[in-house]
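Asker: what's the 3D shape of this:
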Amino acid sequence: MSLDYIISILKPMLEGAQITVLLFIIAIVVSIPLGFVLTLAVRSKFKPLSWLANAYIYLMRGTPLLLQLLVIVFGLPLLPVVGEYLVLDRFVAACIGFILNYAAYFAEIFRGGLLAIDKGQYEAAQVLGLNRWQTMTRVVLPQMFRIALPAVANESVTLVKDTALLYAVAVPELLHFAQTAVNRDFTIVPFFFAGIIYLLITLVMTFFFKWLERRFKFD
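Answerer: Numbers count the residues shown, from 1 in each chain. Prediction:
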């Protein structure tokens, strides 16, 4: 195995890794706030909204992400009447699928974080004269974030690995180029390098979240 061969397979794989990282960033940036909104909807006193949010979370967490991607990419365009308007770019469709799926998981994480906050915190905020907005932003959210941070970190690492599912909907990401090289050259070496790239990405994520934990003095 020559250096030239390694360079020849790494170049397209690194280009695919850019798609992997881009999808991850888009999914994280959008799904975390959406997950928090879902958490608030679940806790809403307006029962229809709470029921719909719970049903959505159950649906997204109860079905495979791969199935959801296949439905969005290949299934929606087959719908009568509106199907022709639902033909999306593969990458855009994949982003939507990841966002909708992971928002449900983050919603459950945030719900657990809120439930872990002692009710005395709310009572203390009232005694101090804080209104609901001040209580939420100054007391509840900082504590919820600290509690939920390890679970968010774990789910984020899982998201990085799940980007490999893009291969199933023909989005040319890291695994796509690795598989192409394996089929062309009859060697598993590209899979080895793909694994290293995934490990490096998750290592960066791990260090980032460890830094956040130290930053917020989580123990």
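
Asker: Which pLDDT value goes with the most far-flung residue of the chain relative to its centre?
Answerer: When distances to the mean C-alpha position of the chain are computed (Cα atoms, centre = their mean), the maximum falls on Val127, with 38.2 Å. At Val127 the predicted local distance difference test score is 74.

Asker: do the same with Leu86
Answerer: 86.

Asker: Now do the same contact list for it.
Answerer: Residues in contact with Leu86 (Cβ atoms under 8 Å, 6 or more residues apart in numbering) are Leu76, Pro77, Leu79. Any C-beta I mention is one placed from the backbone N, CA and C, and that applies to glycine too.

Asker: in the chain, which spans are helices?
Answerer: Secondary structure of the chain (DSSP state H): helices at 3-42, 47-62, 65-70, 90-115, 119-127, 132-134, 141-162, 174-185, 189-215.

Asker: Distance to Glu84 added to those, as CSV?
Answerer: Shown next, in CSV, are these (distance: least, Cβ to Cβ, whole Å):
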stretch, distance to Glu84
helix 3-42, 25
helix 47-62, 25
helix 65-70, 19
helix 90-115, 15
helix 119-127, 50
helix 132-134, 44
helix 141-162, 29
helix 174-185, 27
helix 189-215, 36
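
Asker: for the ones you listed, which one ends up most surrounded?
Answerer: With neighbours defined as mean count of other Cβ atoms under 10 Å, these peak in mean count at helix 90-115, which reaches a mean of 20.

Asker: So which elements touch that helix?
Answerer: Under the contact criterion of 3 or more Cβ pairs under 8 Å, 6 or more residues apart in numbering; DSSP states H and E, the helices and strands touching helix 90-115 comprise helix 3-42, helix 47-62, helix 65-70, helix 141-162.

Asker: circling back to that earlier point, wait, which of the helices of the chain is closest to Ala168?
Answerer: Closest approach to Ala168 among the helices of the chain (Cβ to Cβ): helix 65-70, 5.9 Å.

Asker: thinking again about what came up before, quick one: which of the helices and strands packed on helix 90-115 is nearest Cys95?
Answerer: Counting by Cβ to Cβ, Cys95 lies closest to helix 3-42 out of those; the figure is 5.1 Å.

Asker: got a list of contacts for stretch 105-118?
Answerer: Residues outside stretch 105-118 that contact it (Cβ under 8 Å, 6+ apart) are 31-32, 34-36, 38-39, 42-43, 53, 57, 60-61, 140, 143-145, 147-148, 151-152, 155.

Asker: can we see that at 10 Å?
Answerer: Identification of contacts with stretch 105-118 by Cβ atoms under 10 Å, 6 or more residues apart in numbering yields 28, 31-43, 53-54, 56-57, 60-61, 65, 124, 139-141, 143-152, 154-156, 158-159.

Asker: same question, stretch 132-139
Answerer: Residues outside stretch 132-139 that contact it (Cβ under 10 Å, 6+ apart): Leu40, Ile117, Gln121, Tyr122, Ala124, Ala125, Gln126, Leu128, Leu130, Val140, Leu141, Met144.
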